[in-house]
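>>> can you look at this prediction? I've put the sequence above it.
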Amino acid sequence: METEKEDRKTDRIEKEENKRTRKDKNESIEKEKKNGAVNRSVTAVILMAGTGKRMHTEEKKQFLPLCGKPLFCASVERFISWLRCEEVLLVVGAEDKETVDGFVEQEGWRKEKKISIVEGGAERFDSVAAALHFIEEKGKPENYVFIHDAARPFFTEDLLEHLYKELQYSKAVIPGIPVKDTIKVERDGVVEKSLDRKTLYAVQTPQVFDFQVLSRAFKSFLPRREEWKDKITDDAMIVEEFSKERIRLIAGEEENIKITVKEDLRFLNEKHKNFFPF
């Protein structure tokens, strides 16, 4: 009993500390804005139209419970709590639009940020293209665009700030962590060669872009989507291949993993019992 009381007390203290830290950061951002140091806000695009086949569950991965809430909530709430973020687009499957809209209303998120629901497509790049079209037609094309996987719930505001500030040096910035394992190239069950892991990074999201750079790259890519669809695995690849913009790589976060299989979710539910302090 005493242990439970102590745990509750610790949780309460941690939540209060998080609130104070967030308040201090937001005051700092407001000061930057008044001084003219910051003049562009952020549109967050959260991708959640996938089916998550590797989870082998009846319910889609993004709706599975993490610490008592659907998995996608963690990403939404992180962006909502970040002062630089002006609007959030939730890119969902057509069959999920009503469910997600109901949840948005239930959580009261629209009282804090502009939240829009966009119908995604069959492939990741179709969903991003739908979001870009929405931003161009109804959103804020002057904003920076932060594209994030709903299956990565554990990114921090520090990472968002780092990405944002790197945009003064490049119009495309992505986070990544150094590859620790040895990577080998295989063909027909036989190892062809080993790659130099000192040059290899496992890339994460959010991937962040100047809207115009990303939009132009997608407009060049989409007419050739059939030729490229099996090669493209993230948004930065489209900018790599269909623009001249150089992509800046910054340090990602070890905790910013992508939940892929049921064991991931089981482990993380146990590890992060009190994950929603914001």
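Yes, it's here.

>>> give me the number of residues near the closest residue to Arg110 other than its chain neighbours?
Leaving aside its sequence neighbours, Arg110 sits nearest to Val104 (C-beta to C-beta, 6 or more residues apart in numbering; 6.4 Å). To be clear about C-beta, it is placed using only N, CA and C from the backbone, and glycine gets the same treatment. Counted with other C-beta atoms under 10 Å, the neighbours of Val104 add up to 17.

>>> tell me, what's the model's pLDDT at Val104?
If you check Val104, the pLDDT there is 96.

>>> Ile117 versus that one, what's the distance?
7 Å (C-beta to C-beta, to the nearest Å).

>>> residue contacts, the nearest residue to Phe146 once chain neighbours are set aside?
Of all residues not flanking Phe146 in the chain, Pro206 sits nearest, at 4.3 Å (C-beta to C-beta, 6+ apart). Going by C-beta atoms under 8 Å, 6 or more residues apart in numbering, Pro206 touches Ala44, Phe146, Ile147, His148, Phe155, Leu159, Leu160, Leu163, Pro175.

>>> which one of the residues you listed has the most neighbours?
Compared across these, Ala44 has the highest neighbour count, 29 neighbours, by other C-beta under 10 Å.

>>> Ile46 against Val91, yeah?
Yes: if you go by C-beta atoms under 8 Å, Ile46 and Val91 touch, sitting 6.8 Å apart.

>>> all strands of the protein, in order?
Assigned by DSSP state E, the strands in the chain fall at 42-48, 65-66, 69-70, 85-92, 114-119, 144-149, 172-178, 184-187, 190-194, 201-203, 207-210, 248-251.

>>> where among those is average confidence lowest?
Per-stretch mean pLDDT for the strands of the chain is lowest at strand 65-66 (a mean of 84).

>>> on that earlier part again, of all the strands of the chain, which one is nearest Ile135?
strand 42-48 (6.0 Å; C-beta to C-beta).

>>> ok, the residue nearest to the spatial centre of the chain to Lys180 distance?
The centroid of the chain falls nearest to His148 when counting by C-alpha atoms, centre = their mean (2.1 Å). His148 is 24 Å from Lys180, where distance means C-beta to C-beta.

>>> residues contacting Ser259?
Heads up, residue 259 is Ile, not Ser. Lys61, Leu71, Ala151, Arg152, Pro153, Leu265, Leu268.

>>> now render these as TSV, adding pLDDT, distance to Arg40 and neighbour count.
Below are these laid out as TSV (pLDDT from 0 to 100; distance: C-beta to C-beta, whole Å; neighbours: other C-beta atoms under 10 Å):
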residue	pLDDT	distance to Arg40	neighbour count
Lys61	86	32	25
Leu71	91	29	23
Ala151	93	27	24
Arg152	95	24	21
Pro153	94	26	29
Leu265	71	35	20
Leu268	66	33	19
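
>>> return the member of the residues you listed nearest to Gln212.
Arg152 (25.6 Å).

>>> can I get stretch 218-228 in CSV? Just the C-alpha atoms.
What follows is stretch 218-228, C-alpha atoms only, in CSV (Å, rounded to 0.1, in the frame of the first residue of the first chain):
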residue,chain,number,x,y,z
PHE,A,218,5.8,15.2,-55.2
LYS,A,219,4.4,16.8,-58.3
SER,A,220,7.5,15.5,-60.2
PHE,A,221,7.2,12.1,-58.6
LEU,A,222,3.5,11.3,-59.0
PRO,A,223,3.4,11.0,-62.8
ARG,A,224,6.1,8.3,-62.4
ARG,A,225,4.6,6.6,-59.3
GLU,A,226,4.2,3.2,-60.9
GLU,A,227,7.8,3.1,-61.9
TRP,A,228,9.0,4.2,-58.5
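
>>> tell me the buried residues in that stretch?
Phe218, Phe221 (16 or more other C-beta atoms under 10 Å).

>>> mean confidence for that stretch?
Per-residue pLDDT over stretch 218-228 has a mean of 97.

>>> quick one on the thing from earlier: for Val104 and Ile117, list the residues in contact with both.
Leu90.

>>> so what's the residue nearest to the centre of the chain up against?
Here His148 is in contact with Ala44, Val45, Ile46, Leu47, Ser75, Phe79, Phe155, Thr205, Pro206, Gln207 (criterion: C-beta under 8 Å, 6+ apart).
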